[in-house]
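J.: sequence below, structure please.
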Amino acid sequence: MTAAPANPSAPSAPSAPSAPSETDTATSKAGDPVFSVRNLWKVFGPKAGRVPGDTSLTGLSAAEVRERTGCTAAVRDVSFDVARGEVFVVMGLSGSGKSTLVRCLTRLIEPTAGTLHIDGEDVLAMDRARLRELRRTRAAMVFQHFGLLPHRTVTDNVAYGLEIQGMGRAERRARAAEMIDKVGLTGLGGRRPGQLSGGQQQRVGLARALAVDPEVLLFDEPFSALDPLIRRDMQEEVIRLHREEGRTMVFITHDLSEALRIGDRIALMRDGEIVQLGTPEEIVAAPADDYVRDFVRDVPREQVISVRRAMRPALAGEAGTGVALAPGTVVAEAIEAVARSGEHVRVVEDGRTLGVVDHARLLAVVAGLDPDTDTGTEPDAGTDPGGSHTTGGEVAAV
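T.: Residues are numbered from 1 along each chain as shown. Have a look, this model is predicted:
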């Protein structure tokens, strides 16, 4: 059998790809990543291919590159992994490159340079047939604009991808009915898109993507055109579907609160570059620069930061008292527990007390202070970080 030829328009990779950071390679959920992206560029304009390899240009700002070359670097040297079963959120303001990036993942937009793999397979080397299979069966896109066919019923819209795949009518309609029920549109299969609300139309779009049973769902600002209450309902729907199915998702948004609610990790973009990549807690608690700090300034920190980050070592006698909370419990819940009990809470994992959180630590989180330097509550030099004054390591919970 003759090997499929490489796509002649596929971009070349930089000669020395940079090593990903620890956060970039957080793929602990299940082995190898679904998507692996290294040094990815997308440049629009004349002779775009020269920009990624020209060291005199790569260090310039987006505006300087545009002024010098006439090119727009929409995605600049981006590297990240998407773990299996993860909800990976890419967020940024308009023009940050986030939508261009997600379209590069399935080559709806051709990258200019870099490497891109799905399940270890080189996406940039795929021929047309393989690329068509990727888009039809392995990665499904949910767009901001629903893209429904107005002359078709809900059922036929949901079944459209299966029809393209060649599935028989009875089978695809049965599958469509199952997906319609899954997204909460039971009984509406006979309606046409014009008879549905905006939220219902977006649910049809989601059902259509789910119908082909893709490995990855790609969302490109799917809820930004919806009213706030409907948007929240759809966010809950995505969270529910992920909880039930564990499907890998890449979610594009400009809404920070949406990113914090949905994402396991968030890549924050500006001018085509990722300026910070981490968990919602990492981004809110430790912004990488002033741009990120300004982005998260109005976030209710107690709703995002966990007691693991807020805790201090237990002093003598504290390890056996106070309400026990899991390390991932958010500070808002700890505030309620402290208010009810009148004493500190313990952070407990596998039967051991990792530390305690008292009212001073809680107030520091709410105020945006560093609890170890700004509250005067740091333990003395004899305190072990995992236990009491007198015993090393973690203290057994009582």
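
J.: domains for this structure, by residue range?
T.: For the chain, automatic domain parsing gives the domain ranges 1-126+264-299, 303-396.

J.: TSV for those domains, including mean neighbour count and mean pLDDT?
T.: Every residue, glycine included, has its C-beta placed from N, CA and C. Shown next, in TSV, are the domains of the chain (neighbours: other Cβ atoms under 10 Å; pLDDT from 0 to 100):
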stretch	mean neighbour count	mean pLDDT
domain 1-126+264-299	18	84
domain 303-396	17	79
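
J.: dump the ones you listed into JSON lines; add distance to R208 as well.
T.: Formatted as JSON lines, those follow (distance: least, Cβ to Cβ, whole Å):
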{"stretch": "domain 1-126+264-299", "distance to R208": "16"}
{"stretch": "domain 303-396", "distance to R208": "33"}
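
J.: which parts of the stretch 51-200 of the chain are strands?
T.: With DSSP state E, counting those that start in this stretch as the criterion, the stretch 51-200 of the chain has strands at 72-82, 87-91, 113-118, 121-122, 139-143.

J.: what's the closest of the ones you listed to H344?
T.: With Cβ to Cβ as the criterion, H344 lies closest to strand 87-91 of the strands of the stretch 51-200 of the chain, at 33.1 Å.

J.: which residues does the closest one contact?
T.: Here strand 87-91 makes contact (Cβ atoms under 8 Å, 6 or more residues apart in numbering) with 80, 82, 98, 101-102, 238, 242, 248-256, 259, 262-269.

J.: okay, now the sheet partners of it, with direction.
T.: If you go by DSSP bridges, strand 87-91 pairs up with strand 248-253 (parallel), strand 265-270 (parallel).

J.: got TSV for those, with distance to G166 too?
T.: TSV is the format used below for the strands paired with strand 87-91 (distance: least, Cβ to Cβ, whole Å):
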stretch	distance to G166
strand 248-253	25
strand 265-270	36
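
J.: I'd say P214 and M141 touch.
T.: No: contact criterion Cβ atoms under 8 Å: P214 and M141 do not qualify, at 9.2 Å.

J.: circling back to that earlier point, any idea which of the strands of the stretch 51-200 of the chain gets closest to V366?
T.: strand 87-91 (23.9 Å).

J.: tell me the angle the closest one makes with strand 72-82.
T.: Strand 87-91 runs at 160 degrees relative to strand 72-82, counting by axes from the mean of the first three to the mean of the last three Cα atoms, to 10 degrees.

J.: which helices and strands does the lengthiest helix in the chain pack with?
T.: Identified as the longest helix of the chain according to DSSP state H is helix 228-245. Here helix 228-245 touches helix 198-211, strand 248-253, helix 256-262, going by 3 or more Cβ pairs under 8 Å, 6 or more residues apart in numbering; DSSP states H and E.

J.: can you put those in a markdown table and add mean neighbour count?
T.: Below are the helices and strands packed on helix 228-245 laid out as a markdown table (neighbours: other Cβ atoms under 10 Å):
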| stretch | mean neighbour count |
| --- | --- |
| helix 198-211 | 23 |
| strand 248-253 | 24 |
| helix 256-262 | 20 |
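
J.: and T137, which of these is closest to it?
T.: Across the helices and strands packed on helix 228-245, closest to T137 is helix 198-211 (Cβ to Cβ), at 11.1 Å.

J.: how long is stretch 89-101 from one end to the other?
T.: Stretch 89-101 has its terminal residues 12 Å apart, counting by Cα to Cα, to the nearest Å.

J.: picking that back up, can I get the helices and strands packed on helix 228-245 in CSV with mean pLDDT?
T.: Below are those laid out as CSV (pLDDT from 0 to 100):
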stretch, mean pLDDT
helix 198-211, 88
strand 248-253, 94
helix 256-262, 92
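
J.: how about the CA coordinates for stretch 105-122, as PDB?
T.: Coordinates of the C-alpha atoms in stretch 105-122 are reproduced here as PDB (Å, rounded to 0.1, in the frame of the first residue of the first chain):
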ATOM      1  CA  LEU A 105      -6.400  22.500  15.800                       C
ATOM      2  CA  THR A 106      -8.400  20.900  13.000                       C
ATOM      3  CA  ARG A 107      -6.800  23.000  10.200                       C
ATOM      4  CA  LEU A 108      -9.900  25.000   9.500                       C
ATOM      5  CA  ILE A 109      -7.200  27.600   9.400                       C
ATOM      6  CA  GLU A 110      -3.800  26.300   8.300                       C
ATOM      7  CA  PRO A 111      -1.000  27.100  10.800                       C
ATOM      8  CA  THR A 112       2.100  28.800   9.500                       C
ATOM      9  CA  ALA A 113       4.700  27.000  11.600                       C
ATOM     10  CA  GLY A 114       4.900  24.600  14.500                       C
ATOM     11  CA  THR A 115       3.800  21.100  15.300                       C
ATOM     12  CA  LEU A 116       0.300  19.800  16.100                       C
ATOM     13  CA  HIS A 117      -0.600  16.200  17.100                       C
ATOM     14  CA  ILE A 118      -3.900  14.500  18.100                       C
ATOM     15  CA  ASP A 119      -3.400  11.200  19.900                       C
ATOM     16  CA  GLY A 120       0.200  11.300  18.700                       C
ATOM     17  CA  GLU A 121      -0.800  11.600  15.000                       C
ATOM     18  CA  ASP A 122       0.700  14.600  13.100                       C
END
